[in-house]
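Asker: prediction below, plus the sequence it came from.
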Amino acid sequence: MLWVSRHIANSSGVHVLEARDWDPNSADLTFYTDACLTGLAFWIPSEKVGFCADVPTDRQIPSEWIFYREKWAVLSALDYAVTRLEMMDQKIVIYTDNSNTVDLYNTLHALPVHNQLLQNAVDLLVRSHCHLRVLHVPAEHNQVADALSRRDMERARRHEPKLIHLEFLPPRDTLGDDLQ
C-alpha cells in the first residue's frame, strides 16, 4: 500500500501510466529478451549489442521459477533503457517468447512472488515517462536472445554475425530482502 500511495501522491493527476496503444514500429528502442535456468539476456538488434547475466543457481532463486527469470529479463532491459541510456518520454518495445510475461506486463497484475518485479518496472516507467509495450515473439524468432541467455556465443553470432557481447548485472532489489 505504501508503494501505491507514494505514486498517487507524486502523480500529476488521476492517471499513473498513459495509454499504450501505439504502433511497435514507432518505438525509439526495441529489445529482445530471454532467460534460462542459469542466465538472463537481452539484445538490441538496431545496435547489434547483446547482454548476458548469470543467475544464481543456489537457493536464492529456485529452478522452477523460470517464469520469474523471463520477467526479470524484461525488467533488466527496461532498467538498462531508463538507467543506463537515460531514456525519457520515449517508446520502448520489449519482445519475449514467454506469453505469461507478456500478460504480466500488459495487465499489470502479478502473483505475489512477482510483485516486486512489476513494481520496479512501474517505478522506472513513472520516473522516466517512457511508454512500454511488451510483446510476444515466437521462439524461432528469438534465437539471439535465447543463445545469449545460455552463453552460446557461437549460435548467437550465427544469427547476428556483428553481435557485440557485454555483461550486465540484473536489478537485484527484485529478489526481496531475504533473497538479495
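Answerer: Sure thing, it's come through. Numbering: from 1, shown residues only.
Asker: OK, contacts around the residue nearest the centre of the chain?
Answerer: Residue closest to the mean C-alpha point of the chain, counted by CA atoms, centre = their mean, is V74 at 1.4 Å. Under the criterion of CB atoms under 8 Å, 6 or more residues apart in numbering, the neighbours of V74 are 33, 42, 94, 96, 101, 105, 121, 134. Where C-beta positions appear, they are placed from N, C-alpha and C, glycine not excepted.
Asker: please flag which of those sit within helices.
Answerer: 101, 105, 121 (DSSP state H).
Asker: what subset of those is buried?
Answerer: 101, 105, 121 (16 or more other CB atoms under 10 Å).
Asker: so which bits of stretch 136-154 are buried?
Answerer: For stretch 136-154, a neighbour-count test (16+ other CB under 10 Å) marks 136-137, 142-151 as buried.
Asker: what two of those are the furthest from one another?
Answerer: H136 and R151 (24.2 Å; CB to CB).
Asker: where along this structure do the helices fall?
Answerer: 2-10, 66-79, 99-107, 115-128, 143-149, 153-159.
Asker: what's the closest of those to L37?
Answerer: Checking these against L37 by CB to CB gives helix 66-79 as the closest, at 6.6 Å.
Asker: tabulate the CA atom coordinates of the closest one in CSV.
Answerer: Extracted as CSV, the C-alpha positions of helix 66-79 are listed here (Å, rounded to 0.1, in the frame of the first residue of the first chain):
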residue,chain,number,x,y,z
ILE,A,66,11.7,-19.9,-15.0
PHE,A,67,8.7,-17.6,-15.4
TYR,A,68,10.3,-15.3,-12.8
ARG,A,69,13.5,-15.3,-14.8
GLU,A,70,11.7,-14.4,-18.0
LYS,A,71,10.0,-11.4,-16.3
TRP,A,72,13.4,-10.4,-14.7
ALA,A,73,15.0,-10.4,-18.2
VAL,A,74,12.3,-7.9,-19.4
LEU,A,75,12.8,-5.8,-16.3
SER,A,76,16.5,-5.8,-17.0
ALA,A,77,16.1,-4.5,-20.5
LEU,A,78,13.7,-1.8,-19.3
ASP,A,79,16.2,-0.9,-16.5
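Asker: any stretches of the chain with poor pLDDT?
Answerer: 1-20, 57-64, 173-180 (pLDDT under 70).
Asker: rerun at 90
Answerer: By pLDDT under 90, the low-scoring segments of the chain are 1-21, 37, 55-68, 110-114, 172-180.
Asker: got the contact list for the closest residue in space to L166 that isn't next to it in sequence?
Answerer: Nearest non-adjacent residue to L166, counting by CB to CB, 6 or more residues apart in numbering: F51, 5.3 Å away. Applying CB under 8 Å, 6+ apart, we find F51 in contact with 41-43, 76, 80, 148, 165-168.
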